[in-house]
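[1] Build the 3D model from these lines:
(2 chains)
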Amino acid sequence: MGLTYQSTGQLTTREMFDAKSDNCDYIIALAGNPNTGKSTVFNALTGLRQHTGNWPGKTVQRAEGNYIYKSHRYRLIDLPGTYSLLSNSADEEVARDFICFARPDATIVVLDATCLERNLNLALQVMEITNKVVVCVNLIDEARRKKIQVDAAKLSERLGVPVVSTAARSNEGLPRLIELVSDVASKRVCPKPQPVSYSKDLEEAIARLEPRVRDVIGKDINPRWLTLRLLDGDTRLLQAIENHLNAGRTAPVVHGRRRDYSNGA
Amino acid sequence: MAHKTLTPLLEEAQKIAGPHQGQFRDSIVTGIYRTAEQIAGDVVSHTSTKRQDLDRQIDNIITSPVWGFPVMFGVLAVVFWVTIAGANVPSGILATGLFWIEARLTDLFMALNTPGWLHGFLVLGVYRSLAWVISVMLPPMAIFFPLFTLLEDLGYLPRVAFNLDHFFHKAGAHGKQALTMSMGFGCNAAGIIACRIIESPRERLIATLTNNFVPCNGRFPTLIALVSIFIAGSVSLSLSSAVATLAVAGLVVFGIAVTLSISWLLSKTILRGEPSSFTLELPPYRKPLVGQVLVRSVLDRTIFVLSRAIVIAAPAGGLIWILANTTVGDASVLSILAGWLDPLARFMGLDGFILLAFILGLPANEIVLPILIMSYVCGGAMTELASLTDLRHLLVDQHGWTWLTALCTMVFSLCHWPCGTTLFTIQREQHNWRWTLLAAMIPTTVGVIICMLINNLVRAIGLV
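    Presented below is the predicted three-dimensional model:
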């Protein structure tokens, strides 16, 4: 009984996002602000092996494509370009739900090297949901022209996830990006994002609530992130999470590869 | 299996948060921003900000309240001027070449002793309309699309949207409509799909219903060809491309003005409401990749539009030849149909054939002009058009076109029902045939009224 796959009419597993895992080994999400050259990265990685459509039930454009690296097939899902994941606009909801519920094997966050600070907001938010993140500092050629230097090694150290500088327009750095994505997706590398530290009041509240969240939810969803959403009282998202938790139990995994939820993120 | 619920956790969260609940959202946002700021401060180093300053200086001019519009109009005018001035010669060469082939095809059909109707259908119908589509439309497209793509790549279009945002807001519409309208310059169907970026259903509908007022890829070549055919020769040669440029640029501005007025009217009547706000990011200027621009605009747009035109024009050409050569009594079906439309069309400053061409051109706007030429040619005695000058002859001397006819035709091209693809797209996006119907009715009504006004006003003053 309760909210099942059929009764809610909401598919909250990967199938909801049409991310069929049948003929590919890894699913990779591509996130980023608008105008960061995200589409250029997408096109450069997938070439002509891509197709476009809509996100199920949303009038938001989606594109996905495939590429092969070291005989593994990767499916790249281009998420809508967003500045954050905190509001409930259609674009941000699609991006957030995909990262949270479809649980891609890795998420590439494309940042604009020429305005890194603003772009980092999104990266930090993605890293709160999933640890499997590769940060791609794009438009490095443009930054060079503007005499802006970005220290990728230091950024990687500060964020706790792999970072690569790219100029997707001229293919610079993309081979390295593919390599890092493969490392994260195959779990050869397990990124440990540095958590964002909040105000004292908020951190205290998190410390009190998080153990309870861990007990109830397990590791299905990042407990710190869920704790923050609970404290924020984002009911729309919480409803989606509830649907997901129950769908995950009742919905059969239709397309081939079964997800092992017990392993955690 | 137990149903998992977050309710107890949420209650606990509210208990823990207590009076702080409201502050937590701020704390979350502040925490993220501060972290981003700290990290960026640590890893980014600037050695110079000269280029950024240059970007800002350029922006200050082209998005300024004073210079924004003159610059916009100037850029538009330069693009049209290059297109019109550059397209004349290749158009002539293509027409000569293609009609030379037509003559050889005729010889071939004669030599093979094929029946007259087959020759008529295939050569005078299908082949000739193809020849017209290619010679009239290919050169302007091959010049215009790369130029337009260059502007896109440069980052100029978001600035256009920025300039127009204020006006759309005033009209009670969403600022993003400036973007969907700009998309409409490419293709109205694409513009309508782009309306998805507007969140509020009310404003999305306004954007959808008014998208058709800007000329798309299919209508630009028609307008440009019409302007250059018509104005070339009527004024001295050195002036002609300048006048033609002003005419096309003026039409575009007129289309934008109509878009704004109708949006305002809609938001005051059937789609009432407050406009919502949004953030528009002006991306940095980027040096366009010229090679890629050429390939993309030639492959994606020129070839695409041309092949769509050809696919539709070929059967349409055949159909028109049949209509023109099937006689009922002593008149052809085509001239009977045109005769029915003639009184209304005359009142609008057009003639029956022109209106019929617009109706038969419903599948695609690209073929309106070819259809018109076909129906004139099939009906008349003229069998061969060797150049654009001959075409001008056909319109002016044989069918009594004046500058007023050309103007009304162009205005009606700007304001009439959307093409079949666009209507289909509107239906798919809105799932309501009433809105689709309205999307066809509004521009048509506007077009009919404006054409009637122009025609009767000009005649009353006695300018024609």
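
[2] could you measure the closest residue in space to residue B:364 that isn't next to it in sequence against residue A:246, distance?
    The shortest distance from residue B:364 to any non-neighbouring residue, by CB to CB, 6 or more residues apart in numbering or on different chains, is to residue B:312 (4.8 Å). Glycine gets a C-beta too; all of them are placed from N, C-alpha and C. According to CB to CB, to the nearest Å, residue B:312 stands 51 Å off from residue A:246.

[3] Return the per-residue confidence for whichever residue of the stretch 301-450 of chain B sits closest to chain A.
    Nearest residue of the stretch 301-450 of chain B to chain A: residue B:429, at 7.4 Å (CB to the nearest CB). According to the predicted model, the pLDDT of residue B:429 comes to 84.

[4] now swap in residue B:27 and tell me
    82.

[5] Close to chain B: what parts of the stretch 151-265 of chain A are there?
    By CB under 8 Å from any CB of the partner chain, the residues of the stretch 151-265 of chain A that approach chain B are A:151-152, A:154-155, A:158-159, A:169, A:196-199, A:201-202, A:205, A:208-209, A:212-213, A:216-217, A:227-228, A:230-233, A:235, A:238, A:241-242, A:245-246, A:249-250.

[6] And the buried ones among those residues, selectable in ChimeraX?
    Burial among these is assessed by 16 or more other CB atoms under 10 Å in any protein chain shown; the matching ChimeraX selection reads:
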select /A:151,152,155,158,159,169,196,198,199,202,205,209,212,213,217,227,228,230,231,232,233,238,241,242,245,246,249,250
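
[7] Tell me the helix or strand right after the helix or strand harbouring residue B:88.
    Assessed by DSSP states H and E, residue B:88 sits inside helix B:68-111. Next along the chain after helix B:68-111, taking DSSP H and E as the criterion, comes helix B:116-119.

[8] Now do the buried residues in that next one.
    residue B:119.

[9] and that helix, C-alpha only, in PDB?
    Extracted in PDB, the C-alpha atoms of helix B:116-119 (Å, rounded to 0.1, in the frame of the first residue of the first chain):
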ATOM      1  CA  GLY B 116       3.000  18.000 -74.300                       C
ATOM      2  CA  TRP B 117       1.300  17.600 -70.900                       C
ATOM      3  CA  LEU B 118       4.300  15.600 -69.600                       C
ATOM      4  CA  HIS B 119       6.700  18.300 -70.700                       C
END
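
[10] can you list the residues that contact that helix?
    Applying CB atoms under 8 Å, 6 or more residues apart in numbering or on different chains, the contact partners of helix B:116-119 are B:106, B:109, B:110, B:325.

[11] Just the helices from the stretch 101-250 of chain A, written as ranges.
    With helices called from DSSP state H, counting those that start in this stretch, the stretch 101-250 of chain A shows them at A:116-129, A:140-145, A:152-159, A:174-185, A:200-217, A:223-232, A:235-250.

[12] Count the residues that sit near whichever residue of the stretch 251-400 of chain B sits closest to chain A.
    Using CB to the nearest CB, the single residue of the stretch 251-400 of chain B nearest to chain A is residue B:283, 4.3 Å away. Using other CB atoms under 10 Å in any protein chain shown, residue B:283 has 16 neighbouring residues.
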